[in-house]
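Peer 1: Sequence plus predicted model, see below.
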Amino acid sequence: MAAPSIRGLYRTDLLARSVYAEGAGIARALPTGVAVPADADDVSQLVAWAVANAAPLIARGSGSGMAGGAVGQGIIVDLSRLNAIGDIDVVHRRVWVGPGALRGAVDAAARAHGLRFPVDPSSGAFCTLGGMAATNAAGARTLRYGATRNWVAAAECVFSDGSRAVVRRGEPAAPMPASIERFLASVAPRARSASPVLLKRRGVRKESSGYALAEFVRSGDVLDVVLGSEGTLCLITALELRLDAIPRATASVLAAFPSLGTAVDGARASREGGASASELLDRTFLDVAALGGTRLVPAETEAALLVEVEEVAPGDVSHRARSIADACAAAGASIVRMALDETTERELWALRHAASPILARLDPNLKSMQFIEDGAVPPERLPAYVEGVRSALESRGIRGVIFGHAGDAHVHVNPLIDVRVPEWREQVNGLLEEVTSLVASLCGTLAGEHGDGRLRTPLSPRTWSGEAIDLFAAVKRAFDPEGVFNPGVKVPLDGQRAIGEVKYDPSAEALPARARDALDAIERARGYARFRLSLV
């Protein structure tokens with residue numbers, strides 16, 4: 001197969017392919033090639049070539065996604081070099097950026113003009129805006145500001161015939177691509193007539209699983225289907241983002257609770273009280289933090305909440321923080337601490353970041369494997385979910401850390417797996433099976449903000465209705481009839497398994513030493529923003 005005619009880079013040597021074989025999640029898959037487009041014209045040429053050669057294209061930014069959507073056996077399309085940040089439109093609060101622009105860089109550019117990009121996942125320093133748009137990424141402040149979809153006004157996309165068009169809210173795509181015409185003719189009427197219950201789980205506050213047909217039915221904007229589609233419908237070459245004013249004052253509250261139920265009551269009170277963030281730190285998390293000497297709550301605490309409030313005026317923020325602190329106390333908190341100055345706020349939020357470095361030092365043989373790490377349930381069912389995950393871990397003798405976004409009933413889990421144990425794969429598969437069943441029984445989603453990827457796509461029939469699954473497949477056919485865009489994500493392939501090759505598997509074939517060293521260095525330093533080919 002001849003190489004694509006692009007001005008950017010295209011490599012098929014083992015070393016280049018190897019540094020793209022892994023990302024931040026657990027998956028490993030050696031791609032068949034790596035393409036690094038120089039611009040949007042390159043992307044169009046690449047798509048036309050891929051369709052002609054039946055070559056799968058796997059879009060990738062920094063590779064910081066957890067669900068394996070940017071790791072696969074096809075051509076990796078590294079969009080990280082398309083990282084331009086346009087002029088900040090202060091009047092309209094907008095900016096155009098390339099898909100490879102880092103969230104942190106975009107936010108810094110906006111802040112120079114008194115604005116910000118308010119969606120802030122924990123990977124914000126190194127994740128790309130293209131990756132955030134692909135997964136409908138969220139973060140701690142989603143409670144008040146919503147996920148990425150809310151903050152994208154338009155996207156320039158390359159479709160399966162190689163055509164390029166801007167898809168904008170409230171306007172038809174210009175020019176109208178054949179992909180969108182097919183979707184509007186064959187899928188949109190079905191989506192509009194389907195019961196909303198079949199398209200979106202009732203009561204779930206965060207969702208990045210499946211295609212956002214419920215959002216499309218509500219808004220009428222095809223952009224809502226493109227966003228969150230994980231590179232399975234088109235390739236995004238530019239984004240127009242909405243920006244927000246920077247709050248002039250913040251305050252934080254730390255509340256410790258004797259039970260999960262009282263913590264959920266506190267989270268509800270903080271959400272209703274206008275909090276911008278309300279983070280859950282489960283007993284499993286607090287115990288690990290205490291190992292490193294960080295204990296800001298009583299030892300018998302079952303769960304703690306870290307709450308942030310933002311306002312224009314300092315007097316308003318202190319009043320709101322006191323109101324939330326009082327509400328947490330009324331909900332049953334054993335202690336409540338307020339932070340009304342920047343130094344004290346940093347001290348409280350240091351607790352949120354205390355566990356990860358300690359986990360890395362616990363035992364080099366214990367690997368933190370995030371494969372049940374993105375579940376969200378209706379808020380009233382959060383205690384049942386956390387207790388169920390605890391039980392699933394304990395029954396297998398697996399240590400794990402549970403934390404997340406309490407206000408959205410969205411929980412992250414870091415199970416620590418000992419890969420020296422011969423049955424470690426059985427442990428992983430059994431834990432995934434039990435937690436998947438738990439999420440389904442609670443009418444939740446497996447993917448609150450990290451996307452389906454290759455990890456959760458095969459499990460989607462467990463949590464989505466049959467009608468929704470059929471509609472998702474119809475969306476994929478309309479946009480990508482040749483099936484070149486990220487196959488195996490959003491719509492499962494025949495025989496696809498959730499857990500395939502795992503990068504921590506001691507029996508896996510070794511990658512070249514230079515590639516292995518580079519990937520290990522990236523993981524240690526969380527250096528996902530590094531351009532992979534520059535490392536080899």
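Peer 2: Nice, I can see it.
Peer 1: From here on, just use CA atoms for contacts and neighbour counts.
Peer 2: OK.
Peer 1: For the residue nearest to the spatial centre of the chain, give me its contacts.
Peer 2: Nearest to the mean C-alpha position of the chain, by CA atoms, centre = their mean, lies residue 450 at 2.4 Å. By CA atoms under 8 Å, 6 or more residues apart in numbering, the residues touching residue 450 are 65, 66, 67, 135, 136, 137, 208, 374.
Peer 1: Work out for me the element residue 308 sits within.
Peer 2: Element membership for residue 308, per DSSP states H and E: strand 303-311.
Peer 1: go on, residue 415?
Peer 2: Residue-wise, residue 415 maps onto strand 410-418 under DSSP H and E.
Peer 1: For that strand, which helices and strands make contact with it?
Peer 2: With contacts taken as 3 or more CA pairs under 8 Å, 6 or more residues apart in numbering; DSSP states H and E, strand 410-418 sits against strand 366-368, strand 375-376, strand 399-405, helix 424-441.
Peer 1: helices and strands around the first one, which ones?
Peer 2: Going back to what we said before, that points to strand 366-368. strand 410-418.
Peer 1: what's the angle from the strand it packs on to strand 399-405?
Peer 2: For strand 410-418 against strand 399-405, the angle between stretch directions is 160 degrees (axes from the mean of the first three to the mean of the last three CA atoms, to 10 degrees).
Peer 1: Can you give the strand pairings for strand 410-418, parallel or anti for each?
Peer 2: Paired with strand 410-418 in the same sheet, following DSSP bridges, are strand 366-368 (antiparallel), strand 375-376 (antiparallel), strand 399-405 (antiparallel).
Peer 1: any residues touching it, and which ones?
Peer 2: Contacts of strand 410-418 (CA under 8 Å, 6+ apart): 206, 365-370, 372-377, 386, 393, 398-405, 424, 428, 448.
Peer 1: which of the residues you listed count as buried?
Peer 2: Listed as buried from these are 206, 366-370, 372-377, 386, 393, 398-405, 428, 448; burial here means 16 or more other CA atoms under 10 Å.
Peer 1: The residue nearest to residue 256 when sequence neighbours are not counted bridge partners, please.
Peer 2: Nearest residue to residue 256, sequence neighbours excluded (CA to CA, 6 or more residues apart in numbering): residue 304, at 4.4 Å. Using DSSP bridges, the bridge partners assigned to residue 304 are residue 256, residue 281.
Peer 1: contacting residues around residue 304?
Peer 2: Contact analysis of residue 304 by CA under 8 Å, 6+ apart lists 254, 255, 256, 257, 263, 280, 281, 282, 283, 297.
Peer 1: Please repeat the previous calculation with a cut-off of 6 Å.
Peer 2: By CA atoms under 6 Å, 6 or more residues apart in numbering, the residues touching residue 304 are 255, 256, 257, 280, 281.
Peer 1: Look up how far residue 378 lies from it.
Peer 2: According to CA to CA, to the nearest Å, residue 304 and residue 378 sit 19 Å apart.
Peer 1: that older thread, for residue 192, state which of the contacts of residue 304 is nearest.
Peer 2: residue 280 (36.3 Å; CA to CA).
Peer 1: on that earlier part again, report the angle between the strand holding residue 415 and helix 424-441.
Peer 2: Using the same axes, to 10 degrees: strand 410-418 against helix 424-441 is 160 degrees.
Peer 1: How far does strand 410-418 sit from its chain's centre?
Peer 2: 15 Å (CA atoms, centre = their mean, to the nearest Å).
Peer 1: before we move on, what about stretch 375-386?
Peer 2: 18 Å.
Peer 1: What are the contacting residues of it?
Peer 2: By CA under 6 Å, 6+ apart, the list of residues contacting stretch 375-386 from outside reads 203, 204, 260, 261, 409, 410, 411, 444, 445, 446, 447, 448.
Peer 1: Let me see the contact set for the second one.
Peer 2: What that stands for is residue 204. Going by CA under 6 Å, 6+ apart, residue 204 touches 377, 378.
Peer 1: ditto for the last one
Peer 2: For residue 448, the residues meeting the contact criterion (CA under 6 Å, 6+ apart) are 206, 207, 208, 374, 375, 376.
Peer 1: What's the mean pLDDT across stretch 439-450?
Peer 2: What stretch 439-450 shows for mean pLDDT is 96.
Peer 1: Just the CA trace of that stretch, in PDB.
Peer 2: Extracted in PDB, the C-alpha atoms of stretch 439-450 (Å, rounded to 0.1, in the frame of the first residue of the first chain):
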ATOM      1  CA  VAL A 439     -24.100   0.300  36.900                       C
ATOM      2  CA  ALA A 440     -26.800  -1.300  34.800                       C
ATOM      3  CA  SER A 441     -28.900  -2.200  37.800                       C
ATOM      4  CA  LEU A 442     -28.700   1.400  39.000                       C
ATOM      5  CA  CYS A 443     -29.700   2.800  35.600                       C
ATOM      6  CA  GLY A 444     -26.300   4.500  35.300                       C
ATOM      7  CA  THR A 445     -23.700   5.000  32.600                       C
ATOM      8  CA  LEU A 446     -20.300   3.400  32.300                       C
ATOM      9  CA  ALA A 447     -18.800   6.600  30.800                       C
ATOM     10  CA  GLY A 448     -19.600   9.900  32.500                       C
ATOM     11  CA  GLU A 449     -16.800  12.000  30.900                       C
ATOM     12  CA  HIS A 450     -14.000   9.800  29.500                       C
END
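Peer 1: Give the residue spans of the chain that score low on pLDDT.
Peer 2: Scanning the chain for pLDDT under 70 picks out 197.
Peer 1: Look at stretch 354-372 and report the distance between its end residues.
Peer 2: In stretch 354-372, first residue to last residue: 21 Å (CA to CA).
Peer 1: next one: stretch 195-206
Peer 2: End-to-end span of stretch 195-206 (CA to CA): 19 Å.
Peer 1: Buried residues of that stretch, list them for me.
Peer 2: Buried-residue list, stretch 195-206, by 16+ other CA under 10 Å: 196, 198, 199, 200, 201, 204, 205, 206.
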